[in-house]
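Student: Task: produce atomic coordinates for the following.
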Amino acid sequence: MLNFIYYPVSFILWCWHWVFGHVFGESSGFAWALAVVFLVFTLRALLFKPFVGQVRSMRKMQEFAPEIQKIKKKYPNDKQRQAQEMQKLQAEHGVNPLGGCLPMLVQIPVFIGLFHVLRSFRPGWGEVYFFDAQGVESFVNAKLFGVNLSTFITMPGNELEQFATERTSVLYVAIPLMIVASIATHFTARHSVARQTQAAAENPQTAIMNKLTLYIFPLGVLVGGLFFPIAILLYWLSNNMWTLGQQYVVYHRIDREEAAKKEAVVEKRQALAPRPGAKPKPGAKPAAGAAKKPAVQDTPPSDEQAGNGKPSTEIPGLSPDRSPGKKQGNKKRR
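Tutor: Alright, predicted model coming up:
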């Protein structure tokens with residue numbers, strides 16, 4: 001049923017084994033191990049652009065997170081209305097929530113496909129998808145540090161005898177890979193969580209997901225490593241190492257872009273702002289945050305300012321022929 005996954009995965013694996021087989025030999029464990037590692041690199045290189053889009057979408061969603069909280073408070077008991085308003089908000093900001101899930105959704109079937117293909121490489125099985133019988137036999141006989149790539153810790157003893165491998169040898173190779181893969185999974189999640197804003201980290205749902213990715217997933221790698229073949233552990237380790245390096249590169253690239261945009265805005269404001277002591281151009285708008293000067297009230301010029309040479313003795317509010325302390329002349333004296 002899943003041949004549309006198995007055949008492409010086996011084809012990419014075959015191509016890389018063909019490349020490294022010419023360097024180390026067709027039955028070399030290093031050739032097959034590098035083929036698995038570069039299968040991961042091929043997949044992740046194809047998903048690089050969607051990953052960048054995922055990071056940008058997460059940044060935008062963090063920017064309008066307060067608006068999402070307002071929607072939840074406005075419609076606390078209407079989940080359908082919340083979903084409609086959030087879809088409108090995401091459309092206004094140009095965010096596609098499914099775009100962030102694409103890299104993970106694509107990796108899941110590839111992991112399942114590789115797991116199935118490698119488990120099908122058994123002694124005497126003949127052709128397996130894109131590999132002929134000779135290619136299958138080459139993988140079966142290949143050993144990495146004395147261990148076949150198809151073996152795993154909990155493999156039954158009779159199957160280990162078919163590969164001519166002892167369980168202790170599998171433990172010596174599998175356990176270090178499990179530990180390193182688990183640590184890489186933790187640091188990958190830790191690097192991603194560190195980029196979250198405080199508002200996003202305080203969200204209860206986000207806090208739960210952070211704990212899962214930081215502790216439960218790495219623990220799952222340790223437990224699952226008991227049942228994963230050596231080749232799958234190599235896949236898991238190289239996948240997490242690529243993710244960690246890719247996050248570092250992409251996050252720093254986006255940080256530089258945002259810093260450049262902020263610097264350009266500041267320079268534009270500085271260019272439009274008038275120089276100290278210079279009068280603003282007619283019609284120019286004052287710079288944002290600039291304090292307005294109080295309007296100066298016009299007063300009539302004094303006699304000295306008018307050029308009469310005599311100071312004005314008039315008091316505001318009184319006519320020239322009136323002065324304080326004198327009675328009006330039109331009143332009769334008693």
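
Student: So, low pLDDT: which residues of the stretch 151-300 of the chain?
Tutor: 196-205, 274-300 (pLDDT under 70).

Student: Now do the end-to-end distance for stretch 212-219.
Tutor: 10 Å (C-alpha to C-alpha, to the nearest Å).

Student: For it, buried residues please.
Tutor: Under the neighbour-count criterion of 16 or more other C-beta atoms under 10 Å, stretch 212-219 has 213-214, 217-218 buried. The C-beta positions use only the backbone N, C-alpha and C, and glycine is treated the same way.

Student: That stretch: how far from the chain's middle?
Tutor: In terms of C-alpha atoms, centre = their mean, to the nearest Å, the centre of stretch 212-219 is set 18 Å apart from its chain centre.

Student: Repeat that for stretch 117-125.
Tutor: From the chain centre to the centre of stretch 117-125 is a distance of 38 Å (C-alpha atoms, centre = their mean).

Student: List the buried residues in that stretch.
Tutor: 117-118, 120-121.

Student: now those residues in a markdown table, with distance to Phe228, secondary structure and pLDDT?
Tutor: As requested, these are exported to a markdown table (distance: C-beta to C-beta, whole Å; DSSP: H, G, I helix; E, B strand; the rest coil; pLDDT from 0 to 100):
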| residue | distance to Phe228 | secondary structure | pLDDT |
| --- | --- | --- | --- |
| Val117 | 14 | helix | 86 |
| Leu118 | 10 | helix | 82 |
| Ser120 | 15 | coil | 84 |
| Phe121 | 14 | coil | 85 |
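
Student: Narrow the buried residues of stretch 212-219 to those in helices?
Tutor: The helices, defined by DSSP state H, take in 217-218 from those.

Student: of the buried residues of stretch 212-219, closest to Thr151?
Tutor: Pro218 (23.2 Å; C-beta to C-beta).

Student: thinking again about what came up before, will you turn the buried residues of stretch 212-219 into JSON lines that also has distance to Ala83?
Tutor: Formatted as JSON lines, those follow (distance: C-beta to C-beta, whole Å):
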{"residue": "Thr213", "distance to Ala83": "25"}
{"residue": "Leu214", "distance to Ala83": "29"}
{"residue": "Phe217", "distance to Ala83": "28"}
{"residue": "Pro218", "distance to Ala83": "33"}
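
Student: Check which helix or strand the residue nearest to Tyr248 when sequence neighbours are not counted maps to.
Tutor: Nearest in space to Tyr248, with sequence neighbours left out and distances taken as C-beta to C-beta, 6 or more residues apart in numbering, is His191 at 7.2 Å. According to DSSP states H and E, His191 maps onto helix 167-193.

Student: Return the set of buried residues in that helix.
Tutor: For helix 167-193, by 16+ other C-beta under 10 Å, it's 169-170, 173-174, 177-178, 180-182, 184-189, 192-193.

Student: Show me where the stretch 1-150 of the chain dips below the pLDDT cut-off.
Tutor: In the stretch 1-150 of the chain (pLDDT under 70), the answer is 1, 62-65, 93-104.

Student: any idea how far Gln84 is from Asp78?
Tutor: Note on Asp78: its distance to Gln84, by C-beta to C-beta, to the nearest Å, is 9 Å.

Student: Between the two, which contacts overlap?
Tutor: Counting by C-beta atoms under 8 Å, 6 or more residues apart in numbering, Asp78 and Gln84 have no shared contacts at all.
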